[in-house]
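>>> 3D model of this:
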Amino acid sequence: MSNEKIEEITEEIIAAEAEKKDGLVSADAVLKTSGKEIRDSAKETTKSAIYKNAKAKQDRAKREEVAVGEIQSKLICVNRITKVVKGGRTLRFNAVVIVGDKSGRVAVGNGKAREVSEAIKKAEQDGRKNFQTVAIVKNTLPHAIIGKFGTSQVKMLPAAEGHGIIAGGPVRAVLELAGYKDVTAKCYGSTNPTNVVKAVIDGLTQLRTREQVAALRH
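Here you go, the predicted model:
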């Protein structure tokens, strides 16, 4: 073995020993840390965590306040459409989107295009043209209702404050964007997302408040 190789190995061993020594010193310093310092460090960590959690809640509340009244949209499903022509097959996409402002207006939109993003954009534009106004009483339904479309049926029941929305994906999306917060819903028959969404819209548009029923009677 050459002298240069021996010197290189010796330097590596010295460096490794130095790292071990540094590690032992740092561990010893940790062991010598007083109980008061540990408690102070724990308090600071707890305060920092509480502050971050409170700030996150405030930011979430601000986003929710801004969301109410603004038109939002949720994608329900994207289906592929294949058309057979003389030159072969053409592939397109059909998007179903729910549009609402969380304050009593909601709609379902459909859009078709060769690109998914373009289909979604068309569906949102279609939904904005077909808004339906629904009745909301204390964040819930005025009464129980059953919406129907094709072979799909959706039964919706009012719930107490704080109950939340107990419903499946498409139904939940419609109810949330319409502005409801406490509703229980159950689907019967076909569970096709498009049919279920249209059944929910059908049921919501049939809702009437006491004032509206009294006005109709007179």
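>>> which residue ranges form the strands in this structure?
72-85, 88-100, 105-113, 132-133, 145-149, 152-158, 165-166, 183-189 (DSSP state E).
>>> Format the ones you listed as JSON lines; extra columns: distance to R210.
C-beta: built from backbone N, CA, C; applies to glycine. Below are the strands of the chain laid out as JSON lines (distance: least, C-beta to C-beta, whole Å):
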{"stretch": "strand 72-85", "distance to R210": "29"}
{"stretch": "strand 88-100", "distance to R210": "24"}
{"stretch": "strand 105-113", "distance to R210": "21"}
{"stretch": "strand 132-133", "distance to R210": "17"}
{"stretch": "strand 145-149", "distance to R210": "15"}
{"stretch": "strand 152-158", "distance to R210": "13"}
{"stretch": "strand 165-166", "distance to R210": "23"}
{"stretch": "strand 183-189", "distance to R210": "18"}
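>>> Once you drop chain neighbours, what's closest to A160?
Spatially, and ignoring its direct neighbours in sequence, A160 is nearest to D182 (6.4 Å; C-beta to C-beta, 6 or more residues apart in numbering).
>>> got the CA coordinates for stretch 207-218 in PDB?
Provided in PDB are the C-alpha atoms of stretch 207-218 (Å, rounded to 0.1, in the frame of the first residue of the first chain):
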ATOM      1  CA  LEU A 207     -90.000  23.400  -2.400                       C
ATOM      2  CA  ARG A 208     -92.300  26.100  -1.100                       C
ATOM      3  CA  THR A 209     -92.100  28.100   2.200                       C
ATOM      4  CA  ARG A 210     -95.100  28.800   4.300                       C
ATOM      5  CA  GLU A 211     -95.300  32.400   3.000                       C
ATOM      6  CA  GLN A 212     -95.300  31.200  -0.600                       C
ATOM      7  CA  VAL A 213     -98.000  28.600   0.100                       C
ATOM      8  CA  ALA A 214    -100.100  31.200   1.900                       C
ATOM      9  CA  ALA A 215     -99.700  33.600  -1.100                       C
ATOM     10  CA  LEU A 216    -100.800  30.900  -3.500                       C
ATOM     11  CA  ARG A 217    -103.900  30.100  -1.500                       C
ATOM     12  CA  HIS A 218    -105.000  33.800  -1.500                       C
END
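>>> Please identify the buried residues of it?
Within stretch 207-218, the residues that count as buried by 16 or more other C-beta atoms under 10 Å are L207.
>>> cool, and stretch 143-156?
The neighbour-count check on stretch 143-156 (16+ other C-beta under 10 Å) flags H143, I145, G147, K148, F149, S152, Q153, V154, M156 as buried.
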